[in-house]
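J.: Okay, here's the prediction I keep looking at, along with the sequence it came from:
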Amino acid sequence: MILAEDISKTFHVKGREIQALKDITFQVNKGEICGLVGHNGAGKTTLVKILSTLIVPDKGRAEIEGYDVVREAKVVRKLLGVMTVSERAFYYRLTGLENLIFFASIKGLSLGMAKSRALHLLELVGLRDWKDIPYMKYSTGMARKLALARALIGDPPVILMDEPTLGMDPISSREFRRLVEEIARDKTILMTSHNMIEVEDLADKVVILNRGRLIASGSPDELKDRIGVMRVLRSRDANPSLRKFVVGFSDGYFILRVPDGVSVEGEEIRKEPATLEDVFVSLTEEADSTTNRSRGGGWRRWAS
Ligand SMILES: Nc1ncnc2c1ncn2[C@@H]1O[C@H](COP(=O)(O)OP(=O)(O)OP(=O)(O)O)[C@@H](O)[C@H]1O
């Protein structure tokens, strides 16, 4: 089980304060997959770092399987499998099997145990035929599967994954999702993602962060019900407040996808049930000013 209660974290950079998290409270139960979503800089990685005992919150507390991530960090580390995406996470020249044996030994397994655990996990993630191939020859999808295998080495009850399918092609990422679903049955999983299709497909619970604050949480269906129906329409009017709803530009018209309650001058094309992406777009504000500027550039290019 993962519990976060009133977590806040501020970074101090050159006399400037950056509030990365503010009063975050949520819980993920055994057998659940929780998708943690939010714009760039929303605070997702900071939260994962706090839960994985890498940094300490300024306020609030978090527990993994009932153990406090600050006071009982040593125990917590044993209960966690953390999957990160860094390419440098493995030894390039070692094979998949050798890499896993190495990390299993670090976890304290004897060589014999490490080997049998590594072989079992390579089979589980579908890398058995690649076990003797050096890591440097692995595709992105294979590298991610190996990272998942490593997170599972100590058979931890809780898994944290930071953007696990980043850079994966659609088929590999779909395969990866089935794998996560399979291992999730008796584990508690928290994953960050920018891919709403992935989160909608996998997550039992979604937590949406916006500028360090939790703005919504619930099952994908509960969140979609909050938005209800989306109207797809053609319009000449797309003022800045509407720009996050623009999904295309055709024959001099903006194509917008707006929640039913938002009023826009235009011709309705159809109505559709809200997706999780619609929920995210509707509930979050625009990201930082850099993103705003770059989106703005695209906007002017379309409109001219
Ligand atoms: N070590 C740090 N020092 C200073 N500021 C930091 C540090 N780590 C994160 N931040 C800031 O805290 C905020 C939250 O960052 P965080 O990496 O948690 O966001 P994120 O949601 O994971 O973003 P992304 O989707 O881009 O990975 C950002 O404004 C970021 O610049």
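T.: Received it, and whenever you're ready, just let me know what you need.

J.: domains for the protein, by residue range?
T.: With domains defined by the TED database, the chain comprises 2-218, 224-284.

J.: Can you tell me which of the ones you listed is nearest to the ligand?
T.: Proximity to the ligand (C-beta to the nearest ligand atom) singles out domain 2-218 among the domains of the chain, at 3.2 Å. Glycine gets a C-beta too; all of them are placed from N, C-alpha and C.

J.: returning to what we had before: mean neighbour count for the domains of the chain - can I get that in a markdown table?
T.: Shown next, in a markdown table, are the domains of the chain (neighbours: other C-beta atoms under 10 Å):
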| stretch | mean neighbour count |
| --- | --- |
| domain 2-218 | 18 |
| domain 224-284 | 16 |
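
J.: Strands of this protein, start to end?
T.: 2-13, 16-28, 33-38, 59-64, 67-68, 80-83, 158-162, 188-192, 205-210, 213-218, 229-235, 246-250, 253-259, 267-273 (DSSP state E).

J.: ok, the third one near the ligand or not?
T.: If I follow you right, that is strand 33-38. Yes - looking at strand 33-38 against the ligand by C-beta under 6 Å from any ligand atom, the contacts come from G38.

J.: and that strand, what does it pack onto?
T.: Identification of packing neighbours for strand 33-38 by 3 or more C-beta pairs under 8 Å, 6 or more residues apart in numbering; DSSP states H and E yields helix 44-51, helix 170-184, strand 188-192, helix 196-202, strand 205-210.

J.: just the fifth one next, same as before
T.: In terms of contacts (3+ C-beta pairs under 8 Å, 6+ apart), strand 67-68 is packed against helix 73-79.

J.: repeat for the longest one
T.: For strand 16-28, the contact count by 3+ C-beta pairs under 8 Å, 6+ apart identifies strand 2-13, helix 44-51, strand 59-64, strand 188-192, strand 205-210, strand 213-218 as packing neighbours.

J.: The ones you listed into TSV, with extra columns for mean pLDDT and distance to D162?
T.: Below are the helices and strands packed on strand 16-28 laid out as TSV (pLDDT from 0 to 100; distance: least, C-beta to C-beta, whole Å):
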stretch	mean pLDDT	distance to D162
strand 2-13	97	14
helix 44-51	96	5
strand 59-64	98	16
strand 188-192	97	5
strand 205-210	97	13
strand 213-218	96	18
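
J.: can you redo the ones you listed as a markdown table with distance to the ligand?
T.: Output for those, formatted as a markdown table (distance: least, C-beta to the nearest ligand atom, whole Å):
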| stretch | distance to the ligand |
| --- | --- |
| strand 2-13 | 3 |
| helix 44-51 | 3 |
| strand 59-64 | 15 |
| strand 188-192 | 6 |
| strand 205-210 | 7 |
| strand 213-218 | 12 |
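
J.: Quick one: residues contacting the nearest residue to D132 once chain neighbours are set aside.
T.: Nearest residue to D132, sequence neighbours excluded (C-beta to C-beta, 6 or more residues apart in numbering): T95, at 5.1 Å. The contact partners of T95, by C-beta atoms under 8 Å, 6 or more residues apart in numbering, come to 131-135.

J.: just to revisit the earlier point, out of the helices and strands packed on strand 16-28, the one nearest V281 is which?
T.: strand 205-210 (10.9 Å; C-beta to C-beta).

J.: Excluding its own residues, what touches the closest one? List them.
T.: 21, 24, 26, 28, 32-39, 42-44, 47, 199, 214-220, 223, 276, 279-280, 283-285.

J.: let's see 6 Å
T.: 26, 32, 34-38, 42-43, 199, 215-217, 219-220, 223, 284 (C-beta atoms under 6 Å, 6 or more residues apart in numbering).

J.: Get me the contact residues on the stretch 201-304 of the chain for the ligand.
T.: Close to the ligand, as judged by C-beta under 6 Å from any ligand atom, the stretch 201-304 of the chain has no residues.

J.: Can you list the low-confidence ranges for the stretch 201-304 of the chain?
T.: 285-304 (pLDDT under 70).

J.: Figure out which of the strands of the chain is closest to L146.
T.: When the strands of the chain are compared for distance to L146 using C-beta to C-beta, the nearest one is strand 80-83, at 10.0 Å.

J.: Could you list the paired strands of the closest one along with their orientation?
T.: strand 158-162 (parallel) (DSSP bridges).

J.: Quick check: beta-bridge partners of the spatially most central residue of the chain?
T.: Centroid check for the chain by C-alpha atoms, centre = their mean gives T192 as the closest residue, at 1.5 Å. Beta-bridge partners recorded for T192 (DSSP bridges): L36, D162.
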